[in-house]
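In: Got a sequence here, can you build the structure:
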Amino acid sequence: MFDYSADAELFPQRSRGHSKQIAYRRFDSAARALKFAMEDLPPALLAGTFLEVNEERLGLRFVEVVSQAERAKRLG
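Out: Sure, this is the predicted structure:
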């Protein structure tokens, strides 16, 4: 199961053509990193952005799938 409380590092895709450059950031929890990515990053950058949690690199699309599966398990 994904540990949303673990420290996390966010490595955004380098933007080409976006005026707003997003840099590497550290977060005190993966939940906060995900919230930042989903709410503040331009959608075009999400595909190449990854999150490192517990020394494991995860693409944000993968994390979205894990989150949806966990949510469905809780509801089902």
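In: Can you verify residue 58 is assigned to a strand?
Out: Yes - membership of residue 58 in a strand is supported by DSSP: H, G, I helix; E, B strand; the rest coil.
In: That one contacts residue 50, doesn't it?
Out: Yes - with contact defined as C-beta atoms under 8 Å, residue 58 reaches residue 50; the gap is 6.1 Å. Where you see a C-beta, it was placed from the backbone N, CA and C, and this is true even at glycine.
In: For burial, what's the neighbour tally of residue 51?
Out: 20 (other C-beta atoms under 10 Å).
In: Skipping its backbone neighbours, what lies nearest it in space?
Out: residue 58 (5.1 Å; C-beta to C-beta, 6 or more residues apart in numbering).
In: same deal with residue 5?
Out: Closest to residue 5 by C-beta to C-beta, 6+ apart is residue 29, at 5.3 Å.
In: OK, contacts around that neighbour?
Out: 4-8 (C-beta atoms under 8 Å, 6 or more residues apart in numbering).
In: How many residues are close by the residue nearest to residue 51?
Out: So residue 58, with other C-beta under 10 Å, has 16 neighbours.
In: gap between it and residue 2?
Out: As judged by C-beta to C-beta, to the nearest Å, residue 58 and residue 2 stand 8 Å apart.
In: now swap in residue 73 and tell me
Out: With C-beta to C-beta as the criterion, residue 73 and residue 2 are 12 Å apart.
In: okay, these two: which has more neighbours?
Out: Neighbour count, other C-beta under 10 Å: between residue 73 and residue 2, residue 2 has more, with 17 against 9.
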